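> Prediction below, plus the sequence it came from.
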Amino acid sequence: MAVNYSAKEEADGHPSGGVGVPGGGAGGGAGGGGAVKTRKPDNTAFKQQRLPAWQPILTAGTVLPAFFIIGLIFIPIGIGIFVTSNNIREYEIDYTGTEPSSPCNKCLNVSWDSTPPCTCTINFTLEHSFESNVFMYYGLSNFYQNHRRYVKSRDDSQLNGDNSSLLNPSKECEPYRTNEDKPIAPCGAIANSMFNDTLELYRIDNDTRTPITLIKKGIAWWTDKNVKFRNPTGDGNNLTALFQGTTKPVNWPKPVYMLDSEPDNNGFINEDFIVWMRTAALPTFRKLYRLIERKNNLQPTLQAGKYSLDIAYNYPVHSFDGRKRMILSTISWMGGKNPFLGIAYITVGSICFFLGVVLLIIHHKYGNRNTSADIPN
């Protein structure tokens, strides 16, 4: 139920008569016959706030059905999302090494330029098989990629293959714009802090280690790979020559044109680099590292059993009290494991349904009561 109000059409401008102007007589102001200015808004429906209006009137007949409908819709959706999320297989390993018993404790104080890199191995057991394709992530905690100066510390023109920006990076990249009087490629704090641990997965069967094939392509967004990130243009496909005159980021062990041996995954279009450059919104995040594809429908992608994770520990996190994780996960139609959305739907639906029941009881008990009072003579 609603109330509609329509204003009558009125002519623009002020009324020509009926209102006197103080001091406007023969002995009025010094202006004489000049027009008198006023701050009064024009006499229009818009400026006088007389436009047509619609205002809902909340009654039991409109509010109660709305609460029940929202509850009956949200609760089943929430249950479905929650069950789907719980059916996703996920296994997580923290390999920071802060615990003295951790195999990676010896690598805790590693630095960016440690040579040779510190390595450690963690053995673990999967209690359940991973049936569909498996996604391997690396996770970081207490790493604020959402800091304003950090997010701005990049040159998108340089990353898009612009030759002039390659040799003259944006000032937003400071203090990682140049090094030893040479422009840094890629410049900026984001690229300089790129994750560079190496993770390898093995299945252990009768004391025999069988490597699991990890696919390094197809982990970046298509738009990033084909639109936002491009290598510099020039004669030939020799990246060493195309990046001539530049230097590597300060914390990198090798230049950008040596990130991979395959030409379609090297330089600025390296997918590990592209994934890292998409900054996270929260200090605890995960980024896709590798894919493990299912070979056939007769066997699961990762069978239940014993596995080992070999780690080339290059990325220091102990200095800022950070943590590092490796995550194995399957996905569903709604993405990765995330029970929050299902819980949120169930909570909102339950609250609406409960309020509907409470208001229905109140309306049934007090709604028909005659509120008019007899006025005594």
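Structure's in. What do you need?
> Quick check: pLDDT value at the residue nearest the centre of the chain.
Centroid-nearest residue in the chain, with CA atoms, centre = their mean: Ala281, separated by 5.3 Å. For Ala281, the pLDDT comes out at 95.
> Asn146 is in contact with that one, correct?
Yes: between Ala281 and Asn146 there is a contact under CB atoms under 8 Å: 5.5 Å. Any C-beta I mention is one placed from the backbone N, CA and C, and that applies to glycine too.
> how about the helices of the stretch 201-350 of the chain, start to end?
222-223, 239-242, 271-277, 339-366 (DSSP state H, counting those that start in this stretch).
> right, so of the ones you listed, which gets closest to Ile79?
Ranking the helices of the stretch 201-350 of the chain by distance to Ile79, with CB to CB as the measure, places helix 339-366 first at 6.5 Å.
> counting contacts, what elements does the closest one pack onto?
helix 60-86 (3 or more CB pairs under 8 Å, 6 or more residues apart in numbering; DSSP states H and E).
> residues of the next helix or strand after the helix it packs on that come out buried?
Sequence-wise, the next helix or strand downstream of helix 60-86 (DSSP states H and E) is strand 90-94. Applying a neighbour-count criterion of 16 or more other CB atoms under 10 Å, the buried positions in strand 90-94 are 90-91, 93-94.
> Include distance to Trp333 and pLDDT when you put the residues you listed into a markdown table, please.
Formatted as a markdown table, the buried residues of strand 90-94 follow (distance: CB to CB, whole Å; pLDDT from 0 to 100):
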| residue | distance to Trp333 | pLDDT |
| --- | --- | --- |
| Glu90 | 16 | 94 |
| Tyr91 | 21 | 95 |
| Ile93 | 27 | 96 |
| Asp94 | 29 | 96 |
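> Show the contacting residues for the closest residue to Lys248 other than its chain neighbours.
In space, Lys248 comes closest to Pro255 once its chain neighbours are excluded; the distance is 4.1 Å by CB to CB, 6 or more residues apart in numbering. Each residue near Pro255 by CB atoms under 8 Å, 6 or more residues apart in numbering is listed here: 185, 243, 246-248.
> where in this structure is pLDDT low?
1-35, 236, 368-377 (pLDDT under 70).
> residue boundaries of the strands in it?
Under the criterion DSSP state E, the chain contains strands at 2-5, 53-56, 90-94, 118-126, 134-141, 178-179, 182-183, 198-205, 208-211, 285-292, 305-313, 323-329.
> how about TSV for those, with distance to Phe340 added?
Output for the strands of the chain, formatted as TSV (distance: least, CB to CB, whole Å):
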stretch	distance to Phe340
strand 2-5	37
strand 53-56	32
strand 90-94	14
strand 118-126	25
strand 134-141	17
strand 178-179	43
strand 182-183	44
strand 198-205	27
strand 208-211	35
strand 285-292	15
strand 305-313	28
strand 323-329	16
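> And the residue nearest to the centre of the chain, how close does it get to Pro65?
38 Å (CB to CB, to the nearest Å).
> How about Asn314?
Taking CB to CB, one finds Asn314 at 61 Å from Pro65.
> higher neighbour count, the two?
Asn314 (20 against 11; other CB atoms under 10 Å).
> I'd say the more buried one and Asp197 touch.
Yes: the pair formed by Asn314 and Asp197 meets the contact definition of CB under 8 Å, at 5.5 Å.
> Check the burial of Met334 by counting its neighbours.
14.
> tell me the contacts of it?
81, 84-85, 341.
> top of the contacts of Pro255 by neighbour count?
Ala185 (26 neighbours).
> give me phi/psi at that one?
With angles defined as degrees, to the nearest 10, Ala185 sits at phi -130, psi 110.
> In contact with the residue nearest to it when sequence neighbours are not counted: list those residues for me.
Leaving aside its chain neighbours, Ala185 sits nearest to Thr246 (3.9 Å; criterion: CB to CB, 6+ apart). Counting by CB under 8 Å, 6+ apart, Thr246 makes contact with 166-167, 182-185, 255.
> returning to that earlier point: which of the contacts of Pro255 lies closest to Cys118?
Of those, the one sitting nearest to Cys118 (CB to CB) turns out to be Lys248, at 21.1 Å.
> these two touch, right, that closest one and Ile184?
Yes: between Lys248 and Ile184 a contact is recorded at 7.2 Å, counting by CB under 8 Å.
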